[in-house]
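Colleague: Mind folding the following:
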Amino acid sequence: MNDPQSSNPKPGWEQQVLEKLAFAALKEQRAGRRWGIFFKLLGFAYLAFILVAVVDWGSSSDQQRHTALIELSGVIQAKGEANSEKLVAALSSAFEAEHAAGVILRINSPGGSPVQAGIVYDEIRRLRGKYPNKPLYAVVEDICASGGYYVAAAADQIYVNKASIVGSIGVLMDGFGFTGAMDKLGVERRLLTAGESKGFLDPFSPLTEEHREHAQLLLNDIHQQFIDVVKAGRGKRLKDEPDTFSGLMWTGQQSVERGLADGFGTVDSVARDMIKAEKVLDYSVKDNIAERFAKRLGASTFAGFWRGFSESAATATPLR
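Modeller: Got it, this is the predicted structure:
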């Protein structure tokens with residue numbers, strides 16, 4: 001027979017339970033505190049990484065004699081990587097740098113906005129006048145066409161590879177007309193305007209001869225601006241060829257023969273042989289990590305905040 005007292009808890013069991021609960025709570029608090037410290041350190045490391053990426057801490061390399069490099073890569077457009085705002089900032093920084101012996105503009109662009117290209121061209125001409133002893137050379141890689149060549153024409157000299165594609169000195173305006181398809185589908189275009197030409201180049205309306213002629217006037221005017229820029233930049237080096245301004249493109253070899261380029265070279269060879277400063281520092285203004293992340297999320301406000309913070313001064317970054 002069981003002893004009835006054996007089923008009763010021992011005296012003081014309540015205190016033991018409370019002690020165990022207290023120790024468990026204390027242990028949980030310590031674990032929570034350790035995790036809190038861990039996440040705080042992780043957050044601090046992340047912020048430190050962002051600061052390193054965003055803030056340009058400068059470099060002692062730009063205190064030595066060097067060649068300043070600026071990249072012009074891709075389509076020249078206001079919202080693209082190759083836009084006048086970034087290129088002008090980089091050019092100003094490169095020309096103002098005391099120890100930059102010369103500037104190289106490395107171009108790999110099919111062209112783009114004539115307005116953006118014109119802004120960059122004008123700034124190069126202004127800086128060359130302000131710093132007459134600091135030359136600027138354009139070095140073409142794969143392609144330097146249309147707006148890309150518009151910018152290159154401002155350089156002291158242009159260097160290419162034999163297989164580079166150079167030229168396309170012309171202007172185009174393209175689009176689509178859907179009037180035939182609309183007729184077949186029985187779709188009626190209802191366009192109301194105040195101003196007889198407000199529907200100029202509307203793709204859903206027939207192109208009138210008057211509108212065609214006006215569009216051609218616009219193209220011819222911009223084309224002549226392009227021609228004047230190339231003639232002013234190349235001067236007597238430009239050969240008198242009837243198709244130079246036809247919009248055709250040529251190889252680097254042919255561009256040298258036509259006077260559109262001065263010779264063959266790379267960034268390294270031009271820095272070494274022309275500028276006499278083999279050390280090359282990149283002055284290009286690039287998006288930082290925060291901006292790239294914001295652009296992927298479509299957070300333009302966030303990107304604008306970081307741009308204002310990080311692009312307050314464009315300074316050199318060593319290439320090698």
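
Colleague: where are the low-confidence patches of the stretch 151-300 of the chain?
Modeller: Scanning the stretch 151-300 of the chain for pLDDT under 70 picks out the ranges 287-300.

Colleague: Please enumerate the helices of it.
Modeller: 179-185, 209-234, 252-258, 267-270, 289-297, 300-310 (DSSP state H, counting those that start in this stretch).

Colleague: what does the stretch 1-150 of the chain give?
Modeller: According to DSSP H, counting those that start in this stretch, the helices that the stretch 1-150 of the chain contains are 13-54, 84-96, 114-130, 147-152.

Colleague: Would you convert the ones you listed into a markdown table that also reports distance to residue 269 and mean neighbour count?
Modeller: C-beta: built from backbone N, CA, C; applies to glycine. Shown next, in a markdown table, are these (distance: least, Cβ to Cβ, whole Å; neighbours: other Cβ atoms under 10 Å):
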| stretch | distance to residue 269 | mean neighbour count |
| --- | --- | --- |
| helix 13-54 | 32 | 10 |
| helix 84-96 | 19 | 21 |
| helix 114-130 | 21 | 18 |
| helix 147-152 | 17 | 29 |
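
Colleague: Make TSV out of those helices and add distance to residue 64.
Modeller: As requested, the helices of the stretch 1-150 of the chain are exported to TSV (distance: least, Cβ to Cβ, whole Å):
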stretch	distance to residue 64
helix 13-54	23
helix 84-96	15
helix 114-130	22
helix 147-152	28
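
Colleague: hey, least reliable of those by pLDDT?
Modeller: With a mean of 69, helix 13-54 has the lowest mean pLDDT of the helices of the stretch 1-150 of the chain.

Colleague: Convert the C-alpha atoms of stretch 273-292 to PDB, please.
Modeller: This file holds the C-alpha atoms of stretch 273-292, laid out as PDB (Å, rounded to 0.1, in the frame of the first residue of the first chain):
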ATOM      1  CA  ASP A 273      52.800  59.000 -75.700                       C
ATOM      2  CA  MET A 274      50.700  62.200 -76.000                       C
ATOM      3  CA  ILE A 275      50.000  63.400 -72.400                       C
ATOM      4  CA  LYS A 276      53.200  61.900 -71.000                       C
ATOM      5  CA  ALA A 277      51.500  60.800 -67.800                       C
ATOM      6  CA  GLU A 278      51.000  57.000 -67.700                       C
ATOM      7  CA  LYS A 279      49.100  56.900 -64.400                       C
ATOM      8  CA  VAL A 280      45.400  57.100 -65.300                       C
ATOM      9  CA  LEU A 281      42.700  58.100 -62.800                       C
ATOM     10  CA  ASP A 282      39.000  57.800 -63.500                       C
ATOM     11  CA  TYR A 283      37.000  61.000 -63.000                       C
ATOM     12  CA  SER A 284      33.800  59.600 -64.300                       C
ATOM     13  CA  VAL A 285      30.700  60.300 -62.200                       C
ATOM     14  CA  LYS A 286      29.000  57.000 -61.500                       C
ATOM     15  CA  ASP A 287      25.900  56.000 -59.500                       C
ATOM     16  CA  ASN A 288      26.800  54.700 -56.100                       C
ATOM     17  CA  ILE A 289      25.400  51.500 -54.500                       C
ATOM     18  CA  ALA A 290      22.500  53.300 -52.900                       C
ATOM     19  CA  GLU A 291      21.400  54.900 -56.200                       C
ATOM     20  CA  ARG A 292      21.600  51.700 -58.100                       C
END
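
Colleague: For residue 266, give me its contacts.
Modeller: For residue 266, the contact set (Cβ atoms under 8 Å, 6 or more residues apart in numbering) comprises 139, 159, 161.

Colleague: let's see 10 Å
Modeller: 104, 106, 139-141, 159-161, 272 (Cβ atoms under 10 Å, 6 or more residues apart in numbering).

Colleague: gap between it and residue 180?
Modeller: To residue 180, residue 266 is 50 Å away according to Cβ to Cβ, to the nearest Å.

Colleague: try residue 95
Modeller: Distance from residue 95 to residue 180, by Cβ to Cβ: 54 Å.
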